[in-house]
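[1] give me the fold of what follows.
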Amino acid sequence: MSSRILVMGTGSSPLNTQLVHEISQLLAAHSQSTGGQTFSELDAFAGLKFTRVIADPNQALAEVAVSIRSNSSDTVLIKGVDGVPAPSFDVTGWNLDVAANTGAQVLALIDGTGMNAELIEAEAAEFGRRAARHHATVGGLVVSGARGLDFQLGGIPAIEPPLSSEKLAEVTGADPSVVTPLMFQGDLLARASANRKTIVLPEPEDDRVLRATAELLAAQVANIVLVGEAGAVQARADQLGLDISGARIVSPHQPDLVEKYAAEFARLRAKKGVTLEQARAKVQDVTYFATMMVQLGDADGMVSGAIHTTADTIVPAFQIIKTAPGVSLVSSAFLMLLSDRVLVMGDCAVNPNPTPDQLAEIAVSTAQTARQFGLEPRVALLSYSTGSSGAGADVEAVTAATARVRELAPDLPVEGPIQYDAAVDPVVGQAKAPNSPVAGQANVLIFPNLNAGNIGYKAVQRSANAVAVGPILQGLRRPVNDLSRGALVEDIVNTVAITAVQAQAEGQN
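    The predicted structure is shown next:
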């Protein structure tokens, strides 16, 4: 992974311009002296014109984050934006947002000319607080124009000119741990693109699906199959001005495929008395047709639900694809993208009242889902009780489920029963469960039932302004995922990418 350093001034100063140049030279020379490592220098607009940035800052930030994170040099220096032709533009905020969303540590430059030690300390402390509000990690400070300071300003390491590689090493060793929604989504799309899978979408009559298809194809995230009539699908795409030429469009009434899928469906459902004639009728339903594509390897995964119900999407999967080996239960998880971290919540969409054994299986499956998306799981089985602080049948069920998780996955960090605040807040976790390796730092949260899970994820989504990605179905032999009927184009893109990553993992098993 690249080491990214964003260098920015806490104010405009000619001294800072010279320091940026010196830092660039030192980093480039150090890269060359350590086994020929590569070095790149970018700016915090990543080549975008300022008019483009100010017209739509959020979209511009997303584009800048993707551009910078795609640079694979061993060391990447990002020059913070300084003066811009718009006094209302928050230069400091932009630089910090770029750092947070690219995984770059911040090296801040303070011109201390004419300032006493107390003022410099106050400047450093305020900058640290500002960076924290933007979820940016400050590696250190370079303070010019001052002498004799205590160079641990506001808890942040600090150095002064003249600079050297050794000095820079003292203030560029921070390891940003924040995962912002933009970072997660960018990495998700990159992972899907790295090993493209074929995902079938059976709802091309919905404009959101067509728009998502165009985006997915343009970004080369996945190969797309649309189930529908080619003439009608292409005509609507043309009306919307969308290029979907890279998609394969398959009719659910194509005779050879109908016969192929009907024969397999009749075989799978023979014990239920399904005849070949009944199977022919059934597989011409678009969701059954798409599910059969996945079953027989004509697609690697399916995403549906933009206009169909959850049952329309998952019942065919239960009947045809069924559960993975060693799994008895299909469950769901949501990826909750908070401003500074990712949480995985289960089960929030499928199982109303799981038994302790089922709850344990949900926990293990959700931990596996977390690993698929780059998170090292720390699992909390939630309750109204932390440890033995409460009592009752519900607490006992979570206690039993936790014990079962430890049997199923002995190496998995798990705690339960535990309250939500003790699971995610380090201070509360230390107070309520001081010896727990999970309390205060859980990232996989297992709700005791569907009632709590659905309420819980929606409360976090709305109250914390989190991006909820899911539900992700887990436990199926091959990946099928459901959309909300209120899904945005972005949601469809993310769900297709998730399905592709699941398919990649399936291919490794």
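[2] end-to-end on stretch 381-392?
    16 Å (C-alpha to C-alpha, to the nearest Å).
[3] can you give me the buried ones in that stretch?
    381-383, 385-387 (16 or more other C-beta atoms under 10 Å). Where C-beta positions appear, they are placed from N, C-alpha and C, glycine not excepted.
[4] and what of stretch 34-44?
    Under the neighbour-count criterion of 16+ other C-beta under 10 Å, stretch 34-44 has 39-44 buried.
[5] those residues into a markdown table, with extra columns for distance to residue 397?
    Listed next are the buried residues of stretch 34-44 as a markdown table, based on distance: C-beta to C-beta, whole Å:
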| residue | distance to residue 397 |
| --- | --- |
| 39 | 56 |
| 40 | 54 |
| 41 | 57 |
| 42 | 53 |
| 43 | 56 |
| 44 | 51 |
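[6] how about low-confidence regions in the stretch 251-400 of the chain?
    For the stretch 251-400 of the chain, applying pLDDT under 70 flags no range at all.
[7] run through the strands of it in chain order.
    Using DSSP state E, counting those that start in this stretch, the strands assigned to the stretch 251-400 of the chain run over residues 301-304, 331-337, 342-346, 379-382.
[8] using CSV, lay out those together with distance to residue 142.
    Below are the strands of the stretch 251-400 of the chain laid out as CSV (distance: least, C-beta to C-beta, whole Å):
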stretch, distance to residue 142
strand 301-304, 49
strand 331-337, 33
strand 342-346, 32
strand 379-382, 41
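[9] residue boundaries of the helices in the stretch 301-450 of the chain?
    Using DSSP state H, counting those that start in this stretch, the helices of the stretch 301-450 of the chain run over residues 310-320, 356-372, 393-408, 420-424, 426-432, 450-463.
[10] ok, now the stretch 101-250 of the chain?
    For the stretch 101-250 of the chain, applying DSSP H, counting those that start in this stretch gives helices covering 117-133, 165-171, 181-194, 207-218, 230-239.
[11] using CSV, list the CA coordinates for the fourth one.
    Read that as helix 207-218. What follows is helix 207-218, C-alpha atoms only, in CSV (Å, rounded to 0.1, in the frame of the first residue of the first chain):
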residue,chain,number,x,y,z
ASP,A,207,-34.3,3.5,-15.2
ARG,A,208,-32.2,3.3,-12.0
VAL,A,209,-31.0,-0.2,-13.1
LEU,A,210,-30.1,1.1,-16.6
ARG,A,211,-28.2,4.1,-15.1
ALA,A,212,-26.3,1.8,-12.7
THR,A,213,-25.5,-0.5,-15.6
ALA,A,214,-24.0,2.4,-17.6
GLU,A,215,-21.9,3.4,-14.5
LEU,A,216,-20.7,-0.1,-13.8
LEU,A,217,-19.7,-0.8,-17.4
ALA,A,218,-17.9,2.6,-17.7
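[12] for residue 420, give me its contacts.
    Counting by C-beta atoms under 8 Å, 6 or more residues apart in numbering, residue 420 makes contact with 382, 445, 456.
[13] counting neighbours, what do you get for the closest residue in space to the last one that isn't next to it in sequence?
    Just to be clear, that refers to residue 456. The shortest distance from residue 456 to any non-neighbouring residue, by C-beta to C-beta, 6 or more residues apart in numbering, is to residue 447 (5.6 Å). Residue 447: 24 surrounding residues under other C-beta atoms under 10 Å.
[14] check the one 3 residues further on too.
    Residue 450: 18 surrounding residues under other C-beta under 10 Å.
[15] so residue 218 versus residue 72, what's the distance?
    21 Å (C-beta to C-beta, to the nearest Å).
[16] typed the wrong thing, it's residue 291
    According to C-beta to C-beta, residue 291 stands 38 Å off from residue 72.
[17] which of these two has more neighbours?
    Just comparing residue 291 and residue 72: by other C-beta under 10 Å the higher neighbour count belongs to residue 291, 30 against 10.
[18] coming back round to it: need the contacts of residue 420 in a markdown table (columns: distance to residue 18).
    Output for the contacts of residue 420, formatted as a markdown table (distance: C-beta to C-beta, whole Å):
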| residue | distance to residue 18 |
| --- | --- |
| 382 | 54 |
| 445 | 49 |
| 456 | 53 |
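[19] can you add mean pLDDT, mean neighbour count and distance to residue 25 and give the helices of the stretch 101-250 of the chain back as JSON lines?
    Formatted as JSON lines, the helices of the stretch 101-250 of the chain follow (pLDDT from 0 to 100; neighbours: other C-beta atoms under 10 Å; distance: least, C-beta to C-beta, whole Å):
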{"stretch": "helix 117-133", "mean pLDDT": "86", "mean neighbour count": "16", "distance to residue 25": "25"}
{"stretch": "helix 165-171", "mean pLDDT": "86", "mean neighbour count": "15", "distance to residue 25": "10"}
{"stretch": "helix 181-194", "mean pLDDT": "87", "mean neighbour count": "19", "distance to residue 25": "29"}
{"stretch": "helix 207-218", "mean pLDDT": "96", "mean neighbour count": "21", "distance to residue 25": "38"}
{"stretch": "helix 230-239", "mean pLDDT": "96", "mean neighbour count": "15", "distance to residue 25": "51"}
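[20] which one of the ones you listed lies closest to residue 491?
    Closest to residue 491 of the helices of the stretch 101-250 of the chain is helix 207-218 (C-beta to C-beta; 8.5 Å).
[21] the inter-axis angle of the closest one versus helix 181-194?
    Relative orientation of helix 207-218 versus helix 181-194 (axes from the mean of the first three to the mean of the last three C-alpha atoms, to 10 degrees): 70 degrees.
[22] show me what helix 207-218 packs onto, helices and strands only.
    strand 198-201, strand 223-227, helix 230-239, helix 489-508 (3 or more C-beta pairs under 8 Å, 6 or more residues apart in numbering; DSSP states H and E).
[23] least confident of these, on average?
    Lowest mean pLDDT within those: helix 489-508, at a mean of 87.
[24] any buried residues in that one, and which?
    489, 491-504, 506.
[25] and if you look at stretch 287-299?
    Using 16+ other C-beta under 10 Å as the test for burial, stretch 287-299 gives 287-295, 298-299.
[26] now, which of these sits nearest residue 305?
    The shortest approach to residue 305 among the buried residues of stretch 287-299 belongs to residue 287, at 9.2 Å (C-beta to C-beta).
[27] report the contact partners of the closest one.
    Per C-beta under 8 Å, 6+ apart, neighbours of residue 287: 202, 304, 308, 312-313, 316.
[28] ends of stretch 381-397, how far apart?
    End-to-end span of stretch 381-397 (C-alpha to C-alpha): 10 Å.
[29] any idea how many residues pack against residue 248?
    Residue 248 has 15 nearby residues by other C-beta under 10 Å.
[30] re the thing from before, rebuild the helices and strands packed on helix 207-218 as CSV, extending it with distance to residue 406.
    Putting the helices and strands packed on helix 207-218 into CSV (distance: least, C-beta to C-beta, whole Å) gives the following:
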stretch, distance to residue 406
strand 198-201, 36
strand 223-227, 41
helix 230-239, 51
helix 489-508, 24
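[31] of all these, which lies closest to residue 352?
    Within the helices and strands packed on helix 207-218, the stretch nearest residue 352 is helix 489-508; the backing value is 23.2 Å (C-beta to C-beta).
[32] out of the helices of the stretch 301-450 of the chain, the one nearest residue 471 is which?
    With C-beta to C-beta as the measure, helix 310-320 is the member of the helices of the stretch 301-450 of the chain nearest residue 471 (8.2 Å).
[33] between the closest one and strand 331-337, how many degrees?
    Orientation check (the same axes, to 10 degrees): helix 310-320 against strand 331-337 gives 130 degrees.
[34] which elements pack onto helix 310-320?
    Applying 3+ C-beta pairs under 8 Å, 6+ apart, we find helix 310-320 packed against helix 255-268, helix 286-295, strand 301-304, strand 480-482.
[35] the shortest one pairs with which strands?
    Applying DSSP bridges, strand 480-482 is found paired with strand 301-304 (parallel).
[36] which of the helices and strands packed on helix 310-320 is buried the deepest?
    Most buried of the helices and strands packed on helix 310-320 by mean neighbour count (mean count of other C-beta atoms under 10 Å) is strand 301-304; its value is a mean of 29.
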